[in-house]
Every structure is written in C-alpha cells, then in structure tokens.
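In: Following is a predicted model, sequence given first.
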Amino acid sequence: MREKTIRIAGLYDIYEKIRAGERLSREDGLKLLSCRDLLALGWLARLVRERLHGRRVYYVINRHLNYTNVCENRCRFCAYWRAPGDPEGYVVSPEEAVKRLSEGPPPREIHIVGGVNPELPYSYYLELLSALREAFPGAALKAFTCVEIDHLARISGKSVEEVLLDLKEAGLSCLPGGGAEVFSERVRERLFPRKIPAERWLEVARTAHRLGIPTNATLLYGHLETPEERVDHLLRLRELQDETGGFLCFVPLPFLPEKTPLRGEVSAPTGFDDLRMVAVARLLLDNIPHLKAYWVFLGVKLAQLALHFGADDLHGTVVEEKISEASGGREAEALSRTEIERLIREAGFEPVERDAFYHPVN
Ligand code: SF4
C-alpha cells in the first residue's frame with residue numbers, strides 16, 4: 001500500500017535507492033523538494049531515520065546564552081542586532097552569565113552565540129568560557145558560530161586554528177551550526193553581504209573538525225533562496241562531512257520575517273514547507289547522524305510532528321533564547337524535561353536524554 005503511494009507520488013526510483021542504501025543525487029533532491037505528497041516524503045524520511053535511530057528521540061537539558069546583541073554585520077534578515085552605541089545594545093559579563101545560568105536545573109549543554117561585537121576584546125571570549133567551565137563543570141560549552149570564530153581570528157591576529165585551540169583550552173567543547181544561512185553568493189550579497197562567504201564558513205568548520213571539535217550545521221530557508229540553492233547547500237555540507245565526519249547534527253531553520261526589514265517582502269515558510277524541508281534534509285544528508293526539530297523556531301507542535309518526517313532530536317529545555325524572540329519566534333522560552341518527554345512519547349517515540357555529543361545519559 002505504501003509502496004503504491006510512493007509510486008503515485010513519482011518517488012519510486014528514489015525509494016529504491018533509499019532501500020538499497022544508495023546516495024541521492026542533486027536531481028533527486030530537487031524532485032523531493034518539489035513533491036507535494038507530504039506523507040510520501042515523510043514515509044521515506046522515516047525509513048532512513050529509523051534505520052539510524054530506531055524509535056529513539058534525543059533531547060538535552062540545556063541553556064542558551066546570547067551574550068551580546070551588538071553586531072557590525074547588519075544582516076537584513078536579522079531582527080536581533082543593535083549598532084554599537086545603541087541604548088538597546090547589551091553585553092552579558094562572564095559573572096552575569098554564571099549568575100543567570102545558575103537558576104534552574106544544572107545544564108549539560110550551554111549554547112552560546114551572539115553578535116559580531118567590535119567593542120569586545122579577544123580576552124572576553126576566553127574569560128566567558130573559563131567562568132562557565134568553572135561554574136558548570138558538567139556542561140559542554142557549545143559556543144560561537146564559524147562567523148564569530150572568523151571575527152576572533154581577525155581581532156586577535158591569530159589563525160583560526162590558534163583561536164580554536166585557545167577557546168578549547170578555555171573550555172570550548174563544540175560549535176553550534178549557525179552563521180552560514182545558505183551557501184549562495186547571490187543571496188549573501190542581498191541579505192548578509194558583511195558576513196563571511198560559504199568558502200570561509202566551510203574552512204572554519206573543516207579546521208574545527210580537524211582539531212577534534214565537532215560542530216552542527218544549519219540552513220536558514222524560506223527567504224530569497226531558490227530550491228536549487230537549498231539543495232546545493234545540503235550537498236556542500238554532505239561533501240565536507242565525507243571529508244571530516246565532524247558534523248554531529250543538521251538543524252533546518254525556518255526564516256521568521258515578522259520583525260525584520262524583509263517583512264512584507266517575503267512570507268514565513270508554511271508548516272508544509274517546514275516538514276518537507278526536514279524530510280528532504282534527512283534523505284540527502286545521509287552522512288550526518290542527527291537531524292534536529294528545533295522547536296524554538298518551528299514551534300512545539302510542528303517540532304513534534306517533525307519527528308515523523310525524519311527528525312530524531314527535539315533539542316532541549318532552553319531558557320531565554322533572544323535571537324528567535326527578537327524575530328517573533330513561534331514559541332515560549334522553555335520546556336521542562338517532563339514536557340519534552342511527553343511530546344516525544346505521545347508521538348510514539350522513546351525519549352533519550354543526551355549530552356552535547358549525543359551520548360545517552362541517565
Ligand atoms: Fe549579526 Fe548574526 Fe544578526 Fe547577522 S545574523 S546581524 S551576524 S547577529
């Protein structure tokens with residue numbers, strides 16, 4: 001019956017490849033991305049997801065720290081940044097960061113990202129990590145995107161490798177996945193011309209992987225990018241993963257235009273597009289082990305559904321995520337362990353609490 005559905009959806013050739021464990025091509029990716037039979041896509045993605053993870057869905061007790069909103073990059077899609085000197089700009093000191101994160105259950109992972117702030121010295125970043133490592137020895141510090149690492153190399157006059165080694169010495173465990181947005185020079189010129197280009201992002205990630213620092217990867221979709229650019233982005237990640245094996249998880253991020261200058265110019269992705277993107281990513285990224293349903297951007301209900309479309313990670317408990325909140329994010333600020341486990345169980349999966357490296361805990 002399901003095979004018949006797949007055949008009617010025109011995806012039987014792709015199904016046969018998936019069943020045989022063959023890699024999908026760019027053309028396959030484009031075909032999947034234009035498919036309107038969402039359930040057929042979901043069924044294919046679940047085949048892969050269950051082959052990798054069975055019924056397991058991971059989550060982590062984590063906290064977010066957005067240490068500054070001052071940023072010199074001024075990306076057009078971003079509602080979070082403030083110019084240097086703006087009264088709404090802020091910087092969280094290392095002491096304040098420790099104080100804030102001490103409230104609530106002890107985190108296993110602290111997710112740390114911020115703007116590219118020209119007023120912060122290199123020493124701030126090292127002091128921030130050292131203070132957090134000392135205060136939370138049981139937490140992995142997942143800190144600074146490839147964009148921030150590039151900025152640190154520029155302000156310190158050091159190489160990316162030297163910066164990463166300094167940060168590692170101060171407590172860095174792994175890097176989050178943001179900053180690349182979409183690997184398209186055309187879109188970069190229009191939306192984020194001051195940000196590093198794709199080649200540099202990939203170079204920073206490659207260096208981190210070589211030093212034994214795993215990273216995540218993201219795709220910001222639903223703005224000006226074409227289906228071809230989405231697929232090419234995924235394939236470039238897949239290519240680097242073949243080379244290094246350093247990506248832990250892929251995180252599709254729907255663009256939230258409401259509070260950005262692009263409001264009125266582009267519409268937010270629909271739930272259909274969100275679920276299709278999750279499924280296509282699971283099918284194309286055959287070498288990245290985990291795929292996250294990031295409820296902070298997707299909303300809790302859609303993130304729960306995404307577990308049936310290829311996702312195996314429901315992220316974490318999160319408290320205070322400022323970037324999506326500034327963009328009109330779809331959700332509240334935190335979920336408890338009980339709530340996360342209920343969402344996973346109700347969807348028919350088995351919750352597995354993890355650490356930052358996807359090792360089960362408890
Ligand atoms: Fe700055 Fe990041 Fe926002 Fe771009 S997306 S303006 S780099 S905070």
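Out: Alright, I've got the coordinates.

In: Mind giving me the packing neighbours of the helix or strand harbouring H111?
Out: If you go by DSSP states H and E, H111 is part of strand 109-113. On a contact count with 3 or more CB pairs under 8 Å, 6 or more residues apart in numbering; DSSP states H and E, strand 109-113 meets strand 62-66, helix 122-135, strand 140-143. For the C-beta atoms, the positions are set from N, CA and C on the backbone; glycine is no exception.

In: Direction included, what does the shortest one pair up with?
Out: If you go by DSSP bridges, strand 140-143 pairs up with strand 109-113 (parallel), strand 172-174 (parallel).

In: Tell me how far the closest residue to G177 other than its chain neighbours lies from the ligand.
Out: Leaving aside its sequence neighbours, G177 sits nearest to N216 (CB to CB, 6 or more residues apart in numbering; 3.1 Å). Using CB to the nearest ligand atom, to the nearest Å, N216 is found at 16 Å from the ligand.

In: again with Y90
Out: 13 Å.

In: and what of R206?
Out: If you measure R206 against the ligand using CB to the nearest ligand atom, the figure is 21 Å.

In: can you check T226 too?
Out: Taken as CB to the nearest ligand atom, the span from T226 to the ligand is 21 Å.

In: phi, psi of that residue?
Out: Dihedral pair for T226: phi -90, psi 170, per degrees, to the nearest 10.

In: Next: the one 3 residues further on.
Out: The phi and psi values for E229, taken as degrees, to the nearest 10, are phi -70, psi -30.

In: In space, what's closest to it - neighbours in sequence excluded?
Out: Nearest to E229 is S184, by CB to CB, 6+ apart, at 4.3 Å.

In: Now stretch 298-307: buried residues?
Out: Of all the residues in stretch 298-307, those buried under the rule 16 or more other CB atoms under 10 Å are L298, G299, V300, L302, A303, Q304, L305, A306, L307.

In: okay if I get the residues you listed as JSON lines plus pLDDT?
Out: What follows is the buried residues of stretch 298-307, written out as JSON lines (pLDDT from 0 to 100):
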{"residue": "L298", "pLDDT": "94"}
{"residue": "G299", "pLDDT": "93"}
{"residue": "V300", "pLDDT": "94"}
{"residue": "L302", "pLDDT": "97"}
{"residue": "A303", "pLDDT": "97"}
{"residue": "Q304", "pLDDT": "97"}
{"residue": "L305", "pLDDT": "98"}
{"residue": "A306", "pLDDT": "98"}
{"residue": "L307", "pLDDT": "98"}
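
In: What is the most widely separated pair among those residues?
Out: G299 and L307 (13.5 Å; CB to CB).

In: Identify the residues contacting the strand holding H111?
Out: Residues from elsewhere that reach strand 109-113, judged by CB atoms under 8 Å, 6 or more residues apart in numbering: 60-67, 101, 128-129, 132, 136, 139-145, 148, 176, 178, 316, 318, 323, 355-356.

In: Done for today, thanks.
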